[in-house]
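In: I would like the atomic coordinates for the input below:
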Amino acid sequence: MKTIVLASNNQHKFKEFKEILTEYNIITLKDIEYFDEIEETGQTFEENALIKAETIHKFLKEKGLEYIVIAEDSGLCVDSLEGAPGIYSARYAGIHGDDQANRDKIQRELEGKNKDAYFICTIIAYYPNGEHKTFVGKTYGEISTKELGSKEFGYDCIFYSKDLNKTFGEASEQEKNSVSHRSRAIKEMLKEL
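Out: Numbering: from 1, shown residues only. From the prediction side, this is the model:
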């Protein structure tokens, strides 16, 4: 079974990758003993994913390990906010990972505006020989004025999916994984792997 390093320690992402890439041994940064913070200084999802992939590729090379590295960057883009929060999705209200503050800020900014939105995921698969490929997945919906369902994960409880006719917060994991931006990008990548 081939081993793939996911350039993340995010358990939600790890779980989603593991559920879809069943024929691979998926390991995290913790497993390869990489504990530094990777600064995402890119201006796009692709640039940020590439920064993470290249960093881990170089780290593995120094250790003499030849694994495929998968890095991703993803976020919520709202049309009437000119694509915001975009690459700043996790820290939109200022503090990284304050989901409630991020949701509150979007709700305030969208008062009286069009609520069309989409989630995007950009994945970079970085091979041991230095070659890399980019895969993109999107899922469309709109921002709900009410928080519906589980508030456990980011914007899920306010993202009303056009595929599911409910918010991601109300959807089961299986339902969400069947249409999510990340699963769509992973499925694109699977065709290549």
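In: now the residue sitting nearest the centre point of the chain, what's its secondary structure?
Out: Centroid-nearest residue in the chain: Ser74, 3.6 Å away (criterion: Cα atoms, centre = their mean). Secondary structure state of Ser74, per DSSP: H, G, I helix; E, B strand; the rest coil, is strand.
In: when you give positions from now on, start the count at 11
Out: That works, and once the first residue is 11, the last one we named lands at Ser84.
In: Which strands or helices does the helix or strand of the chain with the lowest mean pLDDT pack on?
Out: The weakest-scoring helix or strand in the chain, judged by mean pLDDT, DSSP states H and E, is helix 21-30 (a mean of 84). If contacts are counted by 3 or more Cβ pairs under 8 Å, 6 or more residues apart in numbering; DSSP states H and E, helix 21-30 sits against strand 13-16, strand 35-37, helix 183-189, helix 191-202. Where C-beta positions appear, they are placed from N, C-alpha and C, glycine not excepted.
In: pretty sure the residue nearest to the centre of the chain contacts Phe145?
Out: No. Judged on Cβ atoms under 8 Å, Ser84 makes no contact with Phe145 at a distance of 11.7 Å.
In: Find residues that contact each of those two.
Out: Residues within reach of Ser84 and of Phe145 at once, by Cβ atoms under 8 Å, 6 or more residues apart in numbering, are Thr132.
In: Look at Glu72 and say how many residues are nearby.
Out: Number of residues near Glu72 (other Cβ atoms under 10 Å) recorded here: 8.
In: Quick check on it: phi, psi?
Out: Backbone dihedrals for Glu72, given as degrees, to the nearest 10, come out at phi -60, psi -30.
In: neighbouring contacts of the least confident helix or strand of the chain?
Out: The contact list for helix 21-30, computed with Cβ under 8 Å, 6+ apart, reads 16, 18, 36, 38, 80, 82, 163, 183, 187, 190, 192-193, 196-197, 200.
In: Turn the buried ones among the residues you listed into a named ChimeraX selection, would you?
Out: In ChimeraX syntax, the buried subset of the contacts of helix 21-30 is picked out as below (16 or more other Cβ atoms under 10 Å):
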select :16,18,36,38,80,82,187,190,192,193,196
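In: The contacts of helix 21-30: which two are farthest apart?
Out: Comparing all pairs in the contacts of helix 21-30 by Cβ to Cβ, the longest separation belongs to Phe163 and Leu200, at 23.2 Å.
In: I figured Thr51 hits Ile61, correct?
Out: Yes. Counting by Cβ under 8 Å, Thr51 touches Ile61, with 6.6 Å between them.
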